[in-house]
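Visitor: When you get a sec, could you give me coordinates for this:
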Amino acid sequence: MAKYSEEFKIKLVTEYLHGNLGYKLLAKKYNMPSQTPLQDWVRASKTQGMEGLKRRKRKEAYSVQFKLDTVQFMLETGASYQETADQFKLNNPSLINHWMKVFNEQGIEGLRPKSKGRPSMSKKHNKPKKKDEKNLTREEELKHENELLRLENAYLKKLKAFRENPNAFHEKFKQSWHSSSNKKDSD
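Guide: Numbering: from 1, shown residues only. Predicted structure coming up:
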């Protein structure tokens, strides 16, 4: 359960925006231990509207391309985690921090979704599975390598386009992001 309700967040943000109390006094008025959550709520409401204060019912699954675009944006512009989160309409800047660490350690492969949950209780041991995975057919190895090269090529093309005209990249991304978010809303 969330520590603060959606109604409480909206009440405090509205009071901050339309009142004359600052973050510190408002947090003190409502017995909040810190003003930081209030600052985050106000920032979220300014960038995403009151929708930014809502708690998401289910975990969002982000595509590899979206994660890559986010990391690329941050690397190219030097934006902070919070600025990047605002740009991509994310409520959680620490998520971008995690993607950045994984990308730096493992590259694009690290941004791929991992299977979740506990592995099944089979009688086979994990060691033979690893040996089987290494014995891929030549065709499977080539397919895997081909897929990695396609991803790398797409990344480099976007990087080149961004370096040539960063403003066009932002406009194009905003348009594609709005159209894809509209599709999700209609589902």
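Visitor: Now A168. Nearest residue, chain neighbours left out?
Guide: Excluding its sequence neighbours, the residue lying closest to A168 (CB to CB, 6 or more residues apart in numbering) is A161, at 7.6 Å. All C-beta atoms are positioned from the backbone trio N, CA, C, and that covers glycine.
Visitor: give me the number of residues near the one you found?
Guide: Other residues near A161 come to 13 when the count uses other CB atoms under 10 Å.
Visitor: Equivalent analysis for the one 4 residues further on, please.
Guide: N165 sits with 11 neighbouring residues when counted by other CB under 10 Å.
Visitor: Next one, pLDDT for it please.
Guide: As predicted, N165 sits at a pLDDT of 82.
Visitor: Tell me which residues of the lengthiest helix in the chain come out buried.
Guide: The longest helix of the chain (DSSP state H) is helix 138-164. Applying a neighbour-count criterion of 16 or more other CB atoms under 10 Å, one finds L151, Y155, K158, F162 buried in helix 138-164.
Visitor: neighbours around the closest residue to the second one other than its chain neighbours, how many?
Guide: Translated: Y155. Using CB to CB, 6+ apart and skipping residues adjacent in sequence, the residue nearest Y155 is L68, 6.2 Å away. L68 has 19 neighbouring residues, counting by other CB under 10 Å.
Visitor: Give the next helix or strand downstream of the helix or strand containing L68.
Guide: Assigned by DSSP states H and E, L68 falls within helix 64-77. Using DSSP H and E, the helix or strand that follows helix 64-77 in sequence is helix 81-87.
Visitor: For that next one, which outside residues touch it?
Guide: The contact list for helix 81-87 (CB atoms under 8 Å, 6 or more residues apart in numbering) reads 43, 47, 70, 73-74, 79, 90-97, 170.
Visitor: let's see 10 Å
Guide: 40, 43-44, 46-48, 52, 70-71, 73-75, 77, 79-80, 90-97, 99-100, 170, 173-174, 177 (CB atoms under 10 Å, 6 or more residues apart in numbering).
Visitor: after that helix, next one along is what?
Guide: Heading C-terminal from helix 81-87 (DSSP H and E), you reach helix 93-106.
Visitor: Sort out which residues of that next one are buried, please.
Guide: Here helix 93-106 shows P93, L95, I96, W99, M100, V102, F103 as buried, counting by 16+ other CB under 10 Å.
Visitor: Which strands or helices does it pack on?
Guide: The helices and strands touching helix 93-106, judged by 3 or more CB pairs under 10 Å, 6 or more residues apart in numbering; DSSP states H and E, are helix 64-77, helix 81-87.
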